[in-house]
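S.K.: this one's structure only:
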């Protein structure tokens, strides 16, 4: 009986080790090149994404609790790179899934973590996390600078890096364009804006922006003022306000697909063209 128990234990142990090994291979693999068709949105924003295929990475030595998510395209590259900046609730699976989608488009994608591994589950927690992060803007810039250096240090990256974010992350992307180390692109999805041309002159690349006409936090008049200031500052831009949709429509198309799908598709195709212009060439 004792001999059978030992054999049984070893069999279970080997089975578990084999499953762990298989899981590690699946999670750490590269993502095949499979760009969306002209009439298709990525599954990540439709709530239909497959299991995550990237890996967790520590990219900032200053804080061991800061853990990002890296998605790699298949092949040797070199590829353009994108930093993804999460919403006000922290780095969650929806942003990780978009990183996978960008890898399928042929980009090395790193979803940054600005909350030291923490996420919020309600408005109060989200507000507390964003207040803490916004209270130390230099730390945010240092975090994203580390993310950019991490990407540029890779042999499969061309050296060109863009930053993109949503809501809280969209405002951070703009702040990073103004105060971070040189990078090649900034994509803002309904994030906090500036209207000072003198400040915006510090941006030396084209800016992408997607906004919503029914967004009470960033209404159209603010977006129009931002575009006017960009033009006065001489900053090239592709900024669009979509009618009939509200805040958060692009990252969460599945919340209201009948209304959001068409503008989200246009914004996605614009984003793909923007990334080709800024980090693929």
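M.R.: Everything's here; your move. No experiment lies behind these values; they were computed from the predicted model shown. Numbering: from 1, shown residues only.
S.K.: mind checking the SS state of the most centrally placed residue in the chain?
M.R.: Computing the C-alpha centroid of the chain and ranking residues by CA atoms, centre = their mean puts residue 84 first, at 2.1 Å. For residue 84, the secondary structure call by DSSP: H, G, I helix; E, B strand; the rest coil comes out as strand.
S.K.: ok, now which ones touch the nearest residue to it once chain neighbours are set aside?
M.R.: By the measure of CB to CB, 6 or more residues apart in numbering, the closest residue to residue 84 outside its immediate chain neighbours is residue 111, 4.3 Å from it. No exception for glycine: its C-beta is placed from N, CA and C like everyone else's. Residue 111 makes contacts with 68, 69, 70, 71, 83, 84, 86, 91, 95, 96, 98, 99, as judged by CB atoms under 8 Å, 6 or more residues apart in numbering.
S.K.: in strands only, show me those.
M.R.: Secondary structure from DSSP state E places 68, 69, 70, 71, 83, 84 of these in strands.
S.K.: which of these lies closest to residue 278?
M.R.: Comparing those against residue 278 with CB to CB places residue 83 closest, at 12.8 Å.
S.K.: quick revisit: who does the residue nearest to residue 84 bridge with?
M.R.: Beta bridges link residue 111 to residue 69, residue 84 when assigned by DSSP bridges.
S.K.: going forward can the numbers begin at 557, since that is how I track them
M.R.: OK, 557 is where the count begins now, so the last one is residue 667.
S.K.: what's the end-to-end length of stretch 757-777?
M.R.: 21 Å (CA to CA, to the nearest Å).
S.K.: list the buried residues in that stretch.
M.R.: 759, 761, 762, 763, 764, 765, 766, 767, 768, 771, 774 (16 or more other CB atoms under 10 Å).
S.K.: repeat for stretch 721-741
M.R.: Result for stretch 721-741 [16+ other CB under 10 Å]: buried residues 721-733, 736, 739-741.
S.K.: mind listing what residue 662 touches?
M.R.: Counted by CB under 8 Å, 6+ apart, residue 662 has contacts 589, 591, 629, 635, 636, 836.
S.K.: only whichever of the residues you listed are buried, select them in ChimeraX.
M.R.: Command for ChimeraX, covering only those of these found buried under the criterion 16+ other CB under 10 Å:
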select :629,635,636,836
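S.K.: tell me the one among the contacts of residue 662 nearest to residue 608.
M.R.: Once CB to CB is applied, the member of the contacts of residue 662 that ends up nearest residue 608 is residue 629, at 14.9 Å.
S.K.: what bridges to the closest one?
M.R.: residue 587.
S.K.: contacts only, for it.
M.R.: 586, 587, 589, 635, 659, 660, 661, 662, 663, 664.
S.K.: repeat that for residue 675.
M.R.: 645, 646, 647, 648, 685.
S.K.: what about 7 Å?
M.R.: 645, 646, 647, 648 (CB atoms under 7 Å, 6 or more residues apart in numbering).
S.K.: residue 778 now?
M.R.: residue 749.
S.K.: wait, a helix at it?
M.R.: Yes. Counting by three-state DSSP, one finds residue 778 located in a helix.
S.K.: my guess is residue 615 meets residue 702, correct?
M.R.: Yes. Judged on CB atoms under 7 Å, residue 615 makes contact with residue 702 at a distance of 5.7 Å.
S.K.: these two touch, right, residue 598 and residue 592?
M.R.: Yes. Counting by CB under 7 Å, residue 592 is a contact partner of residue 598 at 5.6 Å.
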